[in-house]
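Participant: I'd like to go over a predicted model; first the sequence, then the structure.
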Amino acid sequence: MRMAVVGALLAAAISWVATGAAVGQSMEDAASKSKRANELVQAGKPEEAIAIYQELAASFPGEISFKLNLGIALYKAGRYRESLKECEALAKRRPDLFPAWLIVGASDLKLGDAAAAEEPLRQALAIQPEDPNAHIMLADALLALARWPDAAEQYEISARAMRDNPRVWFGLWHSYDAMVEECFARLRQAAPESAEEEAFSCELEIERGDLAGAFQHCRKALSRRPSLRGIHAMVAKIYEGAGHADWAKVETAKGQGDDETCSAPTLACKFTTGRFAEIAGEKADSPEDIYWQGKAFLALSQQAYRRVQELPPSRESYEATATEDEKRGLYPEAGAAWRQALQFEPTDRGLKHQLALALCHANDCVSALPLLKEELRHDPRSAELNYLCGLAFNSTRNPAEALPYLEAAVQLDAKFLPARAALGEAYLEAGMPERAIAQFEAAKAEDLDGSRHYQLSRAYLATGMRDRAAATLEEYKEISRRAREERSQPAITPP
C-alpha cells in the first residue's frame, strides 16, 4: 500500500530525533555528520546517508537518534526489510519511541503485510493519539485488510485535521464504495427481487451510467411497492439523464410527498434529512434498513469522491477518476486517467498494472506490452501477466510470439479459461488445430458471446470432424442470439 504521507512525517521524525546529541568534542563531529546525513535524506539521496548513519550507530551504540535515523534512511531508500529490523529492535528497546513504531508499521505496509502493520501503528497512536498521519497509515492497513468500517473511522479522524489531503478523501471514497457493494450483496441475499433490491439495483445502474437498465429496475421496484420513498425521484433522474425533462417533471410531481419532513426515527427519515454518517453507524438487519444504509454509504462515497476532485490534481484524483471510468466501461478514458496518475508517481508498479489492464480492456494490449513485460520480470509466475502478453501478440496475429506466454499461463493455472481460449486461438492461427481443440473444449464452459464455440467449430472442421463442427456451430448461433438479446437496450418509456 502506498504511503503518501510518510515522506513529510519521516522528515519531521528526523528533525525530532536529531536533538539527542550529547555534549563533547567527538559528539560535535558526530552531530556534523548527522546533519550532513539528514540533508542527504531530505535531498532524496538516502543511500548516501545510510553509510554515515551506520558509522555513527556503530561508534555511539547508546545514542538512539543515530539508529532511528538509520532506520528512516533505510526506509526512504526502499530497503524495507532492513528498516523493519532496525526499528523493531528500537521499539523493543524504547517502547515509548513513536517514530520507531511508525516506521515498523510503514515498512510492513510496503512489504505488503497489512496484518502485521496494524499492531505497530496502534502502538504509535497509543503514544501520540492525535497524530493524523498515523491514523492515515492505520486506515490504509485496514483498507488493505477489507475492514471497511474500521478504515473509514480512521480516515474520518484524519479528515478533521487534514481536510486538504487527497489521500484521506480517496481512502474514504474507497471505503464507503466497498461498503455500498457489501450492503448490496447482503440485500440480494436477504430479499432477492424485493422492492428494495430492485431500487438499489436502479441506484447502482444510474451510477454506472446504464440509464436503460436502471429504468427497468426502478419500474420493477415501483410495481412491488409504489410507496417506496425516493423511487420517483430516481426515475426522474433517469428521465433527466436521457434528455426527457418533461417526463422528469411528471415523475417528480408523483414523488413530492417523499420530501415531507419525517418525525419517525427510521433510517428512511434520517436519510431524508441528510444524516448519512449516523445511518452508517446503525445496525441494519431488515431489508428496508439495509437498503437505506446502503444509500447512506453511497451518499458518503459520492461526497468523498467530489472532495477528491475539488482538490488540486493528484494521484488520488486521477486514480478515483480511472476507477469510476472503468465501472462505466470507459476503458480508453480510464487509461488516460491512469497515465495522469503515473505522472505523480512514475515508478509505482500498481499504477502501471492498472494502466496495462485498462489498455487491454480497450483492446489495445499491444500498447501495454512494455508495461506487461516489465511486470513479468518482477513476477514471472503470474498467469495473468503471461496471458495478457500472449493476448497482445494474438491481436497482431503473431502466434509464434504468443504461444510461449499462453502456454506458461495455462501451465501456471489450468482453470484460467480466458488463457485457455487465447491459447486455442494461437494454436489455430499457427496451424495446429488438434492442439486447439482441447483448449477450446475446456474454455467453452464460460462462453458469454459464443466466440469460443465458433473457434472450436473451426478447429473441428480443420481436423475433418465435420459433424462436430456443424453441431458446435449451431450452439454458437444460439449463444450468440441470446447474447444479442441481452445486450439490446430496453426502452425508457414515458411516465
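Facilitator: Nice, I can see it.

Participant: Against Ala356, how distant is Gly464?
Facilitator: 40 Å (Cβ to Cβ, to the nearest Å). The C-beta positions use only the backbone N, C-alpha and C, and glycine is treated the same way.

Participant: Settle it for me: which of those two has more neighbours?
Facilitator: Ala356 (26 against 9; other Cβ atoms under 10 Å).

Participant: Kindly spell out which helices and strands sit in contact with the strand or helix carrying that one.
Facilitator: Ala356 belongs to helix 349-361 when elements are defined using DSSP states H and E. When contacts are defined as 3 or more Cβ pairs under 8 Å, 6 or more residues apart in numbering; DSSP states H and E, helix 349-361 sits against helix 315-327, helix 331-344, helix 365-378, helix 383-395.

Participant: Deepest-packed of those, please.
Facilitator: Of all the helices and strands packed on helix 349-361, helix 383-395 carries the top mean neighbour count, a mean of 24, counting by mean count of other Cβ atoms under 10 Å.

Participant: Please save the CA atoms from that one in PDB.
Facilitator: Below are the C-alpha coordinates for helix 383-395, written out as PDB (Å, rounded to 0.1, in the frame of the first residue of the first chain):
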ATOM      1  CA  ALA A 383      -0.700 -16.500 -15.000                       C
ATOM      2  CA  GLU A 384      -2.500 -13.200 -15.700                       C
ATOM      3  CA  LEU A 385       0.600 -11.300 -16.900                       C
ATOM      4  CA  ASN A 386       1.700 -14.200 -19.200                       C
ATOM      5  CA  TYR A 387      -1.900 -14.300 -20.500                       C
ATOM      6  CA  LEU A 388      -2.000 -10.600 -21.300                       C
ATOM      7  CA  CYS A 389       1.400 -10.700 -23.100                       C
ATOM      8  CA  GLY A 390       0.100 -13.600 -25.200                       C
ATOM      9  CA  LEU A 391      -3.100 -11.800 -25.800                       C
ATOM     10  CA  ALA A 392      -1.200  -8.800 -27.200                       C
ATOM     11  CA  PHE A 393       0.700 -11.000 -29.700                       C
ATOM     12  CA  ASN A 394      -2.600 -12.800 -30.600                       C
ATOM     13  CA  SER A 395      -4.100  -9.400 -31.500                       C
END
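
Participant: Tell me which other helices or strands it touches.
Facilitator: Here helix 383-395 touches helix 349-361, helix 365-378, helix 399-412, helix 417-429, going by 3+ Cβ pairs under 8 Å, 6+ apart.

Participant: Any idea which of the helices and strands packed on helix 349-361 gets closest to Glu39?
Facilitator: helix 331-344 (24.9 Å; Cβ to Cβ).

Participant: What is the neighbour count of Gly255?
Facilitator: 17.

Participant: got the buried residues for stretch 33-46?
Facilitator: Neighbour-count burial for stretch 33-46 flags Lys33, Ser34, Ala37, Asn38, Leu40, Val41, Gln42, Pro46 (criterion: 16 or more other Cβ atoms under 10 Å).

Participant: now stretch 438-458
Facilitator: Neighbour-count burial for stretch 438-458 flags 439-444, 447, 450-458 (criterion: 16+ other Cβ under 10 Å).

Participant: and the buried residues of stretch 33-46, which of them are in helices?
Facilitator: Counted as lying in helices by DSSP state H, out of the buried residues of stretch 33-46, are Lys33, Ser34, Ala37, Asn38, Leu40, Val41, Gln42, Pro46.

Participant: Distance to Glu82 and pLDDT added to the residues you listed, as JSON lines?
Facilitator: Listed next are those as JSON lines, based on distance: Cβ to Cβ, whole Å; pLDDT from 0 to 100:
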{"residue": "Lys33", "distance to Glu82": "20", "pLDDT": "87"}
{"residue": "Ser34", "distance to Glu82": "19", "pLDDT": "84"}
{"residue": "Ala37", "distance to Glu82": "16", "pLDDT": "86"}
{"residue": "Asn38", "distance to Glu82": "19", "pLDDT": "88"}
{"residue": "Leu40", "distance to Glu82": "17", "pLDDT": "90"}
{"residue": "Val41", "distance to Glu82": "15", "pLDDT": "88"}
{"residue": "Gln42", "distance to Glu82": "20", "pLDDT": "88"}
{"residue": "Pro46", "distance to Glu82": "11", "pLDDT": "91"}
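
Participant: on that earlier part again, format the helices and strands packed on helix 349-361 as CSV; extra columns: mean pLDDT and distance to Leu187.
Facilitator: Putting those into CSV (pLDDT from 0 to 100; distance: least, Cβ to Cβ, whole Å) gives the following:
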stretch, mean pLDDT, distance to Leu187
helix 315-327, 96, 19
helix 331-344, 97, 28
helix 365-378, 95, 37
helix 383-395, 96, 31
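
Participant: Among those, single out whichever gets nearest to Glu207.
Facilitator: Nearest of the helices and strands packed on helix 349-361 (Cβ to Cβ): helix 315-327, 7.3 Å.

Participant: orientation of that closest one relative to helix 349-361 in degrees?
Facilitator: Going by axes from the mean of the first three to the mean of the last three Cα atoms, to 10 degrees, helix 315-327 is angled at 30 degrees with respect to helix 349-361.

Participant: Now do helix 315-327: which elements does it pack against?
Facilitator: helix 166-190, helix 287-310, helix 331-344, helix 349-361.

Participant: and if we set it to 6 Å?
Facilitator: helix 166-190, helix 287-310, helix 331-344 (3 or more Cβ pairs under 6 Å, 6 or more residues apart in numbering; DSSP states H and E).

Participant: Tell me how many other residues surround Pro433.
Facilitator: Pro433 has 21 nearby residues by other Cβ under 10 Å.

Participant: Next up, the contacts around it.
Facilitator: Applying Cβ atoms under 6 Å, 6 or more residues apart in numbering, one finds that Pro433 lies in contact with Ala459, Ala462, Thr463.

Participant: Kindly recompute the last result at 8 Å.
Facilitator: Listed by Cβ atoms under 8 Å, 6 or more residues apart in numbering, the contact set of Pro433 reads Tyr427, Arg458, Ala459, Ala462, Thr463.

Participant: Are any of the residues you listed buried, and if so which?
Facilitator: By neighbour count, with 16+ other Cβ under 10 Å, the contacts of Pro433 hold Tyr427, Arg458, Ala459, Ala462 as buried.

Participant: got CSV for the contacts of Pro433, with secondary structure, distance to Arg186 and pLDDT too?
Facilitator: Shown next, in CSV, are those (DSSP: H, G, I helix; E, B strand; the rest coil; distance: Cβ to Cβ, whole Å; pLDDT from 0 to 100):
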residue, secondary structure, distance to Arg186, pLDDT
Tyr427, helix, 44, 97
Arg458, helix, 45, 96
Ala459, helix, 44, 97
Ala462, helix, 50, 96
Thr463, coil, 50, 96
